[in-house]
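A.B. asks: Sequence and predicted structure below; questions after.
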Amino acid sequence: MPTRSSADLIVIGAGVVGAACAYYAARSGISVTVIDRGAVAGGTTGAGEGNLLVSDKEPGPELELALLSVRLWRELSDLLPPRIEYEAKGGLVVASDEASMAALRGFAARQERAGVKAEQATVDQLRDLEPHLAPDLAGGFHYPQDAQVQPALAAAHLLRAAGGQGSGGVRLRLGEEVIGVLTGANGEVRGVRTASGDVRAPYIVNAAGSWGGELARLAGVGLPVLPRRGFVLVTEPLPRVVRRKVYAADYVADVASGSAALQTSAVVEGTPSGPVLIGASRERVGFDRTLSVEALRRLAAQATRLFPVLAGVRAMRTYAGFRPYLPDHLPAIGPDPRVPGLLHACGHEGAGIGLAPATGLIVARVLSGGQLPLDIEPFRPHRFDAAG
Amino acid sequence: MARDRTPAGLVGAAPEAPFEITFDRRTLTALPGQTIAAALWSAGVLAWRTTRRDGRPSGVFCGIGQCYDCLATINDLPNRRACLVPARPGDVITTQEGHGHAELSV
Ligand SMILES: Cc1cc2nc3c(=O)[nH]c(=O)nc-3n(C[C@H](O)[C@H](O)[C@H](O)COP(=O)(O)OP(=O)(O)OC[C@H]3O[C@@H](n4cnc5c(N)ncnc54)[C@H](O)[C@@H]3O)c2cc1C
Ligand code: FES
């Protein structure tokens, strides 16, 4: 039996980005229906890590988004329960030799001009910051703004908090796949079709993550989102062995690479529940879940190179996720001029947890006609069209 | 006399000579082929780990390697499943406190 219901806004996708869109929209008085074919955080949000990083970003639009987001996450950490495991732990980027330290110095200097706090650390200081670090490193930079959350819990609590006082109200429809976009006579959005009926709204947000390209296709537009696979290695529970998020300077180059081939550079971090997470590889192989022993072998080798102590610790399990990748490594955020009423909030690749609040805030401001917190031109969803 | 209703008795096993292992410095005997958990149980030891959060005692639950309740520190290696590891002469088993890696804490 077809059912009908309506809201001001339909958010497609209950990952962290959809949750943040729902949160900020509802908080500005908009009534929101969130639809996901699976569970909350059942997509990439439940298959990644929770690093909120400014340290790995070149000055530019993504860094601006990240700087705004780390501020918003800090605010959210006061509003959401401690169970989201927000930790303002800081990041530490280390260089293995003098050449890489020099490159890091240049990178950090450019970031500082863009508002990032970066503190150079000598070899001795590295020791104090992270006692288990390998002794033969050349130095590093400490980034106090880097933080961490538990992504699945953060998404769930954002959705829960989106209701509450002064909210436009949030309805969750889980286990319902969006199979069509409803449009009116002038091509404007009227809602979506799911297997269990039509849901009406004048605005929809494509927060379908790595599946955002398919969702765009349902709306009749192109958006070249591709999956970029990542494996994470999980150790047995440990006491605090790694205090910050620690990674080698080459990570930044891997993140920025457009190559489809396997790249690994370990990012090592402890978690409140004990296991150390070693992430993450990057490769474009479609939605293939086959275990890659090569990726895991490399991650383990790089992590033990940074933290020799990990060689004596067992890896308990591994998991993989698919980052939503757009060819220029920038997300698609904002209204799509090709379909009135359609907005996008997807394609955040390996930084969607970090960038979610700023994305949600932008979407809410677009819808409520408020002032945008930053220039969203670089994120325009139609930029991959010949004319865009 | 009552029939010997131990597993070894039931199958009519004729194990080779017992050997010694230690649990928290106490000497126990084990039979060849016994797991560490079986040897501990035979000696009346039911718990050899404290849980990470609440420090509660823990021992065998499933007995078949699935639940990870039976973790013990065996020959200085924590997090070994006592229900799967065969006992060997001279094994040193110690109660595992929480994650068993306190020495790594910074
Ligand atoms: C290994 C790995 C490590 C990572 N580490 C980090 C990190 O440390 N920090 C960080 O910031 N980011 C990290 N990321 C990236 C981050 O996880 C993603 O950018 C983020 O989760 C994307 O969130 P999302 O809400 O856009 O997508 P998702 O969480 O994938 O949500 C999209 C949702 O849309 C739903 N959906 C799709 N199509 C439909 C449809 N037709 N109908 C209904 N529902 C639909 C899906 O079911 C899904 O739940 C990592 C990713 C990986 C894989
Ligand atoms: S008792 Fe369950 S794994 Fe050993």
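C.D. replies: Noted; the coordinates are in hand. Ligands and ions are numbered 1, 2, ... in the order given.
A.B. asks: gap between stretch A:311-321 and the chain center?
C.D. replies: Relative to the centre of its chain, stretch A:311-321 is centred 22 Å away, using C-alpha atoms, centre = their mean, to the nearest Å.
A.B. asks: close to chain B, is it?
C.D. replies: Yes: with C-beta under 8 Å from any C-beta of the partner chain as the criterion, chain B is reached by stretch A:311-321 at A:V313, A:R314. Every C-beta, even on glycine, is put in place using the N, C-alpha and C of the backbone.
A.B. asks: Please spell out which residues along that stretch are buried.
C.D. replies: Buried residues in stretch A:311-321, counted by 16 or more other C-beta atoms under 10 Å in any protein chain shown: A:V313, A:A315, A:T318, A:Y319, A:A320, A:G321.
A.B. asks: Which entries in those residues are shared with the contacts of ligand 1?
C.D. replies: A:G321 (C-beta under 6 Å from any ligand atom).
A.B. asks: could you redo the buried residues of stretch A:311-321 as a markdown table and give each row secondary structure?
C.D. replies: Formatted as a markdown table, these follow (DSSP: H, G, I helix; E, B strand; the rest coil):
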| residue | secondary structure |
| --- | --- |
| A:V313 | coil |
| A:A315 | strand |
| A:T318 | strand |
| A:Y319 | strand |
| A:A320 | strand |
| A:G321 | strand |
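A.B. asks: Nearest to B:L40 among the buried residues of stretch A:311-321?
C.D. replies: Nearest to B:L40 out of these is A:V313 (C-beta to C-beta; 24.9 Å).
A.B. asks: In this model A:E236 seems to touch that closest one, though I could be wrong.
C.D. replies: Yes: look at A:V313 against A:E236 with C-beta atoms under 8 Å: they come within range, at 6.3 Å.
A.B. asks: any shared contact partners between those two?
C.D. replies: Common neighbours of A:V313 and A:E236 (criterion: C-beta atoms under 8 Å, 6 or more residues apart in numbering or on different chains): B:H101.
A.B. asks: can you give me the helices in chain B?
C.D. replies: For chain B, the helices defined by DSSP state H cover B:7-10, B:36-42.
A.B. asks: Now tabulate the buried residues of stretch A:311-321 in a markdown table and tack on pLDDT and distance to A:G139.
C.D. replies: What follows is these, written out as a markdown table (pLDDT from 0 to 100; distance: C-beta to C-beta, whole Å):
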| residue | pLDDT | distance to A:G139 |
| --- | --- | --- |
| A:V313 | 93 | 26 |
| A:A315 | 94 | 29 |
| A:T318 | 96 | 31 |
| A:Y319 | 96 | 33 |
| A:A320 | 96 | 33 |
| A:G321 | 97 | 32 |
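A.B. asks: Which element, helix or strand, includes whatever residue of the stretch 201-350 of chain A ends up closest to ligand 2?
C.D. replies: Distances between the stretch 201-350 of chain A and ligand 2 by C-beta to the nearest ligand atom are smallest at A:M316, namely 13.3 Å. A:M316 belongs to strand A:315-325 when assigned by DSSP states H and E.
A.B. asks: Against which helices or strands is that strand packed?
C.D. replies: Counting contacts by 3 or more C-beta pairs under 8 Å, 6 or more residues apart in numbering or on different chains; DSSP states H and E, strand A:315-325 packs against strand A:226-237, strand A:275-282, helix A:293-306.
A.B. asks: Among those, which comes closest to ligand 1?
C.D. replies: Minimum separation from ligand 1 across the helices and strands packed on strand A:315-325 (C-beta to the nearest ligand atom) falls at strand A:226-237, 2.9 Å.
A.B. asks: And the helix or strand following that closest one, what does it pack against?
C.D. replies: The C-terminal neighbour of strand A:226-237 among helices and strands, as given by DSSP H and E, is strand A:245-248. Applying 3+ C-beta pairs under 8 Å, 6+ apart, one finds that strand A:245-248 contacts strand A:91-95, strand A:263-270, helix A:293-306.
A.B. asks: List the strands paired with strand A:245-248, with their directions.
C.D. replies: strand A:91-95 (parallel), strand A:263-270 (antiparallel) (DSSP bridges).
A.B. asks: To A:S368, which of those strands lies closest?
C.D. replies: Counting by C-beta to C-beta, A:S368 lies closest to strand A:91-95 out of the strands paired with strand A:245-248; the figure is 33.6 Å.
A.B. asks: now the helix or strand that the closest one is followed by: how far from the chain's centre is it?
C.D. replies: Sequence order places helix A:98-113 as the next helix or strand after strand A:91-95, per DSSP H and E. Put simply, helix A:98-113 sits 24 Å off its chain's centre (C-alpha atoms, centre = their mean).
A.B. asks: from the helices and strands packed on strand A:315-325, which stretch is densest packed?
C.D. replies: strand A:275-282 (a mean of 25; mean count of other C-beta atoms under 10 Å in any protein chain shown).
A.B. asks: That one to strand A:315-325, inter-axis angle?
C.D. replies: Strand A:275-282 runs at 40 degrees relative to strand A:315-325, counting by axes from the mean of the first three to the mean of the last three C-alpha atoms, to 10 degrees.
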